[in-house]
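J.: Build me a model from this:
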Amino acid sequence: MRRIAIDPRPGWRDQLVALGMDLETGRDGAPPSPYWCETAAYVVTPESIEALHAAVDELAVMIEAAVEHVIAQDRFAELGIPGALARLAAESWEADEPSLYGRFDLAWDGRGPPKLYEYNADTPTALFEAAVVQWHWLESCFPGADQYNSIHEGLIETWSRWRTTRGLGQVHFACVPEDDDDLITTAYLLDTATQAGLSGKLLDLGDIGWDGRRFVDLETMPIEAVFKLYPWDWLAEEPFFAYLASGSVRVIEPAWRVIAASKGILAILWELFRGHPCLLPASFDRRAIDGPAVVKPLLGREGASIVIEDRLGNRLLATDGDYDAMPTVAQAFHPLPDYDGWRPVVGAWMIGGVARGIGIREQQSLVTGRGARFVPHLIEGPRAA
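T.: The predicted structure follows:
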């Protein structure tokens, strides 16, 4: 994988707005550069993408084995998952409730196996950028090239399949709309469901009610299925959580995804598949990691409350966040590749259980957080017929 400099498209900001999202403003008010990067791109070879695709599909299989292990051995507490949520997660796994989407965050330079940092299995964002915005950029800037990206098609195919095989018809799409990332992702998923022939409504998570028998929206329409961009561990602390166990509503992502989303799954994976080329050593016991380590809160998000330590346990870097008091897992330190000071993390998207494409975010830091910017990619050579 290599990074190239390119000239911005004339009027690129207006083109983003025309797509339905203004990505220019960035994150947290005043980042050093716009969130959407129009001055660089990553170029990958067809052979490296084939290898990446195979590796991601293999990681997905290992994740499911790890989830099965956690449930069978009742290791929920180690993953930071409380009792009531653990029971609901186990029930949803036994019911074979399917997953819509997820994002593996990987360290990868195209020259070897990707290394798994974590799996965003519950509430991943940066989806619209990966599925639509970077494809639009490719068509504008490199119309003869290809991209590892069938995310949009995969979403529509998954919704269509669920409409046929699971009787899915009406879906409510709920989030906290004050968060731009969440709103954009939720609105985009609503659009893909509509394209697949489903009926959908967008609503504020706080506007969901309970009428004594079932969940309803503000118009008292029954909520039969809901996509919620809100973490399961947060839902477990809400007053209405007990009603979710009634089975009156189908929830996307299902509750078992909290197991895969916990950073503790990294330690489980290392126990089950020790030495796998896509895994980094990980343990609930920091002392078990020989050398520098990254200490992560079990249910932390967006690079918050991350600590990088040297082999003696001295802090080399620590990020701010609200998870400082949360139990942690330690993972062997494996720095992101460096491209003239920019460090890209590759987000590999699983859609309906299948690897479907990547989105790349970069930052001039060892930890990728909300200040990272999205950089498009293309595959070297002409587009396949």
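
J.: measure the closest residue to Ser160 other than its chain neighbours to Pro337 for me?
T.: When the adjacent residues along the chain are set aside, Ser160 lies closest to Ala196, with 4.4 Å between them (C-beta to C-beta, 6 or more residues apart in numbering). Where you see a C-beta, it was placed from the backbone N, CA and C, and this is true even at glycine. Counting by C-beta to C-beta, to the nearest Å, the separation of Ala196 from Pro337 is 37 Å.

J.: residues contacting the residue nearest to Ser160?
T.: For Ala196, the contacting residues are Leu155, Ile156, Glu157, Thr158, Trp159, Ser160, Arg163, taking C-beta atoms under 8 Å, 6 or more residues apart in numbering as the criterion.

J.: For the last one, give me its contacts.
T.: It refers to Arg163. Residues near Arg163 by C-beta under 8 Å, 6+ apart: Gly169, Ala196, Gly197, Leu198.

J.: ditto for the second one
T.: Contacts here follow C-beta under 8 Å, 6+ apart; on that basis Ile156 touches Thr192, Gln195, Ala196.

J.: Counting neighbours, what do you get for the second one?
T.: Close neighbours of Gln195, defined as other C-beta atoms under 10 Å, add up to 13.

J.: Now it: closest residue in space that isn't a chain neighbour?
T.: The spatially closest residue to Gln195, leaving aside those adjacent along the chain, is Ile156, at 5.3 Å (C-beta to C-beta, 6+ apart).

J.: Helix or strand: which one has that neighbour?
T.: helix 151-165 (DSSP states H and E).

J.: How about that helix, which residues are buried there?
T.: Ile151, His152, Gly154, Leu155, Ile156, Glu157, Thr158, Trp159, Ser160, Trp162, Arg163 (16 or more other C-beta atoms under 10 Å).

J.: Can you get me a residue count around Pro177?
T.: Pro177 is surrounded by 16 other residues when neighbours are defined as other C-beta under 10 Å.

J.: Wait, it touches Gly206, no?
T.: No: the criterion here is C-beta atoms under 8 Å, and Pro177 misses it with Gly206 at 9.5 Å.

J.: show me where pLDDT drops low in the chain?
T.: Under the criterion pLDDT under 70, the flagged ranges of the chain are 22-33, 385.

J.: ok, now with 80
T.: 21-34, 246-247, 383-385 (pLDDT under 80).

J.: need the helices for it, in chain order.
T.: Counting by DSSP state H, residue ranges of the helices within the chain are 12-19, 46-73, 83-94, 127-128, 134-141, 151-165, 180-195, 232-235, 241-244, 257-261, 265-272.

J.: need those in CSV with distance to Arg356, can you?
T.: Compiled in CSV, those are given as follows (distance: least, C-beta to C-beta, whole Å):
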stretch, distance to Arg356
helix 12-19, 19
helix 46-73, 9
helix 83-94, 23
helix 127-128, 11
helix 134-141, 12
helix 151-165, 4
helix 180-195, 12
helix 232-235, 23
helix 241-244, 29
helix 257-261, 17
helix 265-272, 21
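
J.: Burial-wise, tell me which of those helices comes out on top.
T.: For the helices of the chain, ranked by mean neighbour count under the definition mean count of other C-beta atoms under 10 Å, the leader is helix 257-261 at a mean of 27.

J.: same for that helix, what does it pack against?
T.: In terms of contacts (3 or more C-beta pairs under 8 Å, 6 or more residues apart in numbering; DSSP states H and E), helix 257-261 is packed against helix 46-73, helix 83-94, strand 115-120, helix 232-235.

J.: what's in contact with it?
T.: 63, 66-67, 70-71, 76, 79, 81, 85, 89, 93, 99, 102, 119-123, 231-233, 265, 299.
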